[in-house]
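**Q** Predicted model and sequence below, questions to follow.
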Amino acid sequence: MALDDDIRVLAAVKLFRGFTREQLRLMAFGAETITLAAGRKLYAEGAVADCAFVIASGTVALYRQDGDKRTTLSTHGPGTILGELALIAESERPTSASAQTEMTVIRLSRTMFRRILEEFPETAVELHRRITADLESMLERMRAAAERSGNGK
């Protein structure tokens, strides 16, 4: 994919909302584009997560494997970011991911992402604010669900 195509794909990702074209260009320039054939594994459950993947084209299935039994948890298409937590913290992959169709992903390393946040501290502050708001919203939804199920206090 061309650099402009990568920038367009990254610009559509919710996590990168508010990033300038220059910041997106820096991310795209430091990224790696990977094409996988249908059925190929992108990553395995439990693997060290040192990067995120943005789906540029195709479809991926997230699943858990228990012996011979594979349980598909969800499927995702273009514009989805997988492993965004890996951009800011050390973690492990909670699921495996496999291409359902031929797919292209943009691999974003934690090192490169941190460099952008260091060079653009105002973007880091805005990103922190959005992540905090998203976590608070998720916690509120969990409290409401617990209350509806009778487990709330």
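**A** Now that the structure is in, tell me what you want to look at. Please read these numbers as outputs of a predicted model, since none were measured by experiment.
**Q** Pull out the buried positions in the helix-or-strand element of the chain with minimal mean pLDDT.
**A** Least confident helix or strand, the chain: helix 121-148 with a mean of 88, by mean pLDDT, DSSP states H and E. Residues of helix 121-148 classed as buried by neighbour count (16 or more other Cβ atoms under 10 Å): T123, L127. Using the backbone N, CA and C atoms, a C-beta is placed for each residue, glycine as well.
**Q** what do you get for stretch 25-36?
**A** Of all the residues in stretch 25-36, those buried under the rule 16+ other Cβ under 10 Å are R25, L26, M27, A28, A31, T33, L36.
**Q** Tabulate the residues you listed in CSV, adding columns for secondary structure and distance to A144.
**A** Listed next are those as CSV, based on DSSP: H, G, I helix; E, B strand; the rest coil; distance: Cβ to Cβ, whole Å:
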residue, secondary structure, distance to A144
R25, helix, 41
L26, helix, 40
M27, helix, 35
A28, helix, 39
A31, coil, 38
T33, strand, 41
L36, strand, 39
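**Q** returning to that earlier point: for the least confident helix or strand of the chain, packing partners?
**A** helix 110-119 (3 or more Cβ pairs under 8 Å, 6 or more residues apart in numbering; DSSP states H and E).
**Q** Export only the CA atoms of the helix it packs on, formatted as PDB.
**A** Extracted in PDB, the C-alpha atoms of helix 110-119 (Å, rounded to 0.1, in the frame of the first residue of the first chain):
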ATOM      1  CA  ARG A 110       4.800   0.500  20.600                       C
ATOM      2  CA  THR A 111       8.200   2.200  20.300                       C
ATOM      3  CA  MET A 112       7.100   4.300  17.300                       C
ATOM      4  CA  PHE A 113       3.800   5.200  18.900                       C
ATOM      5  CA  ARG A 114       5.500   6.300  22.100                       C
ATOM      6  CA  ARG A 115       7.900   8.400  20.100                       C
ATOM      7  CA  ILE A 116       5.000  10.300  18.500                       C
ATOM      8  CA  LEU A 117       3.400  10.900  21.900                       C
ATOM      9  CA  GLU A 118       6.700  12.200  23.200                       C
ATOM     10  CA  GLU A 119       7.100  14.600  20.300                       C
END
